[in-house]
Every structure is written in C-alpha cells, then in structure tokens.
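>>> Give me the fold of what follows.
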Amino acid sequence: MALLVNLLLAMASCHKENNIISAPSTHGVFITNEGDFNSGQGEISFYDPVSQRITNGLFYAINNYHLGDIVESMYIKDSIGFIVVNNSAKVELVKIPSLKHILTINIANSSPRYLLPLNDSIAYVTDLYAGQIHVINYRTGSLVTNIGGVSAWTEHILMVNNTVVVEEQNLSSTPSYHGSIVTINPNTNTLLQRYSFNGTNVDGIVSDHLNRLWLGLDADTTHHVQASIYCLNPDMSINKNIPLPAGHAVSNLKINGTGDEIYYFDLNGIATISINDTAAPITPLVPVAGRNLYGLGIDPANGDIYVSDAIDYVQRSRIYRYDKNANLLQSDTAGIISGNFVFNTQ
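Got it, this is the predicted structure:
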C-alpha cells in the first residue's frame, strides 16, 4: 500500500510540474489575445515553432497581474516588447523574450491602438478616438506631447524613408468617400501632409524592400469604386493602382521578410500578390473554409503564414500555421480574439 501511495504521489507531482508555465527563452511567435470587451481577459500567448507548442495565459503567469482590457497590438524593438492595451489606456513594456514587466505607461483619456518606436526613447501611439498621435518617452514613462490635425481614429503606423506614415480611419456611421493616410516628420513631431485615395477607408499599410508604400483600399459601393491595392513611390506619388475584381476585398496587409510578397484578407480567404504584379488574384492562397479569419502574420524568417479564427468572439481562437505554399503545418488554440502575431527572431 505504501508503495502504491508513493507512486501516485510521484505521478501527481510530475503532472503538476508539466503544467507550470515558464518564460520563453528562445525565438518564436507572441500572439496578442484581445479578450472580451470590459472583461479584462486580454492576454499574451507564445508559440514555439520548434516544439510546436502554444503557451497561453503567459503574461499573468510571468508577472502575477492581469494585463488588462483589450490587448490590441504588440511591437518588439531589440530586447523590449511594447504591449498596447486599448481599453485600459496603457502601454506595458516587457523584457523579450521573458515577457517580464519593465514599466507601465498610462496615457490618460486615451484609447491606444498601435505603437511605433522612433529611437531608443521615443515612440508614437495611435488612438481610436483622440484625433491625436501620442508621443511618449518609454524610458521615463511620460507623455511628451500630442500631434494633432489627424482624424479621430488613427490605426496602423510605420516608418518609411525617414517619414512616419499613419493610417486614418472613419468613425462615422456614414462611410467617407475617400480613404487617407497622413505623414509626420519624426524630427519635429509635425504633420506634413494628407494623401487621399478612392475608396471608403485605408485598411492596411506595409513597405516593400524598395522603400515603396503599399496600402489596401476598401470598396466604395455607393460610388461604384472597387476595392484596390495602391503602391506609392518613395516620393509618395502613385506607382500603380491594382483594382480587385468585383465582390473581392482587401484588409490586414502583411509583407514577407524579403519585402517582395504581400498577403491580405479577401472575402474568400488569404490572398497574396507579388510587388511586381499588376493584377490581383481571384483564387485565394488559403480558402476561408467557413472560418472567421481575424489575425494574420507572416514569419519573416521562412514565410510561414499564421492566421487566427476568432470563431464567435467568445470562444478561444483557433490558430493555423501554413508554410508559404499554403500547406497546413499545425493548428492549436490560443486566447479569446487572437488579433496579432509578433515574431521574435533574436
């Protein structure tokens, strides 16, 4: 009997140890999980492509406090991770790869969306309602200034040709007739110019290896304008406009590590287009297959495609990993409403 008891205790002990969540110690993929609105369920998952294992609930396990409400996005610069928590009006700084807390930056009366570090101390943060770009010092945790003159809702943000480009969105229930982006001088924190395009909204921006800007435009059915993909030269002039076939859409643009292949969500799945193409595909690379496709990411190292299925926005999301030829490699479960894939290649 004593031998049996000891054996059962040993088995229980082994099971407990296997359930312990440890900090990531290698490169891999961080997954942001928004969580239900006002639930405070926002979290970070981590996927190790070598072991093919997803670790969920990572932030709380490492830091012993809840991340907050609506984890919108994440950005990695060197050994610092920036986690933007939308409805909690803050940015959490963490060590990479451990995810250990460094600093919390609260931005009063804000609804932050995406972050772009400009250098080793200053970052820009876009906002859902403010009509401003927040300029923060992430070393001191302070708000430096706000850049006005932008639309109420600013979204994706990137640096190209030493200029910051910000995607504007329309908050009105009546769609705008034009989608737009604005450019900002990062040296003076001043607005430079607004560029407008036919379509209701800009829905994703990326830059290629030739320092050209690519953006997706939503269709404007009122004015019979099809969804399209624009390519802009380094001087912001239009290089080409690629209209999508009727009944197709473009959103959530991503680009591969070599900067020559663009991926996006169409209504029928994940589509891809080369930067040399002059026509958009009709058939998707990865069919939608009845899923609620929500987050998209492209591994810069090997071109693997990561996509999340938010299902009903209540259940935990399903994550699918494909190789660049659209062969399914693995599927697993992450947190609630998985929205972004952030690749740590260090």
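
>>> residues contacting residue 302?
257, 323, 324 (C-beta atoms under 8 Å, 6 or more residues apart in numbering). In this view, the C-beta of every residue, glycine as well, is placed from N, C-alpha and C.

>>> so the second one touches residue 304, yeah?
Yes. In this structure, residue 323 sits in contact with residue 304. The criterion is C-beta atoms under 8 Å, and the distance is 5.7 Å.

>>> Now the common contact residues for those two.
Between them, residue 323 and residue 304 share the contacting residues residue 329, judged by C-beta under 8 Å, 6+ apart.

>>> which of those two has more neighbours?
When neighbours are counted by other C-beta atoms under 10 Å, residue 304 comes out ahead of the other of residue 323 and residue 304, with 20 against 13.

>>> contacting residues for the more buried one?
Taking C-beta under 8 Å, 6+ apart, one finds 49, 298, 321, 322, 323, 324, 329 in contact with residue 304.

>>> Okay, and the beta partners of the third one?
For residue 321, the beta-bridge partners are residue 306, residue 330 (DSSP bridges).

>>> Now for it: which residues touch it?
By C-beta under 8 Å, 6+ apart, the contact list for residue 321 reads 47, 49, 304, 305, 306, 328, 329, 330, 331.

>>> give me every residue that touches the fourth one.
Contact criterion C-beta under 8 Å, 6+ apart gives 263, 270, 285-286, 296-299, 321-324, 326 as the residues in contact with residue 305.

>>> With the fifth one instead?
With contacts taken as C-beta under 8 Å, 6+ apart, residue 306 has the following neighbours: 29, 47, 295, 296, 297, 298, 299, 319, 320, 321, 322, 341.

>>> coming back round to it: which of the contacts of residue 302 fall within helices?
With helices defined by DSSP state H, no entry of the contacts of residue 302 lies inside them.

>>> and residue 280, how many neighbours?
Using other C-beta under 10 Å, residue 280 is surrounded by 20 other residues.

>>> pLDDT value on it, please?
Reported pLDDT at residue 280 in the predicted model: 95.

>>> So it lies in a helix, does it not?
No. Under DSSP: H, G, I helix; E, B strand; the rest coil, residue 280 falls outside any helix and is assigned coil.

>>> Can you tell me the closest non-neighbouring residue to it?
Of all residues not flanking residue 280 in the chain, residue 244 sits nearest, at 4.7 Å (C-beta to C-beta, 6 or more residues apart in numbering).

>>> can you check residue 206 too?
Per C-beta to C-beta, 6+ apart, closest to residue 206 is residue 255, 4.2 Å.

>>> Including distance to residue 237 and pLDDT, could the contacts of residue 302 go into TSV?
TSV is the format used below for the contacts of residue 302 (distance: C-beta to C-beta, whole Å; pLDDT from 0 to 100):
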residue	distance to residue 237	pLDDT
257	27	97
323	36	98
324	31	96
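
>>> picking that back up, among the contacts of residue 321, which pair sits farthest apart?
47 and 328 (14.9 Å; C-beta to C-beta).

>>> who has more neighbours, these two?
When residue 47 and residue 328 are compared for neighbours, residue 47 comes out ahead with 23 against 11, by other C-beta under 10 Å.

>>> Report the separation between the more buried one and residue 136.
Taking C-beta to C-beta, to the nearest Å as the measure, residue 47 falls 29 Å from residue 136.

>>> ok, now residue 58?
As judged by C-beta to C-beta, residue 58 and residue 136 stand 24 Å apart.

>>> Next: residue 246.
Distance, residue 246 to residue 136, by C-beta to C-beta: 43 Å.

>>> cool, residue 24 as well?
Distance of residue 24 to residue 136, given as C-beta to C-beta: 26 Å.

>>> More neighbours: the two, which one.
A count of neighbours by other C-beta under 10 Å puts residue 136 above the other of residue 24 and residue 136, at 23 against 20.

>>> can you give me phi and psi for residue 248?
With angles defined as degrees, to the nearest 10, residue 248 sits at phi -110, psi 160.

>>> quick one: contacts for it?
Going by C-beta under 8 Å, 6+ apart, residue 248 touches 226, 227, 266, 267, 268, 280, 282.

>>> before we move on, what about residue 227?
Shown in contact with residue 227 (C-beta under 8 Å, 6+ apart): 199, 216, 217, 218, 219, 243, 244, 248, 249, 250.

>>> That one and residue 154, how far apart?
Taking C-beta to C-beta as the measure, residue 227 and residue 154 are separated by 21 Å.

>>> hang on, the earlier thing: in ChimeraX, how would I select just the buried ones from the contacts of residue 304?
Buried members of those, defined by 16 or more other C-beta atoms under 10 Å, are picked up in ChimeraX with:
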select :49,298,321,322,324
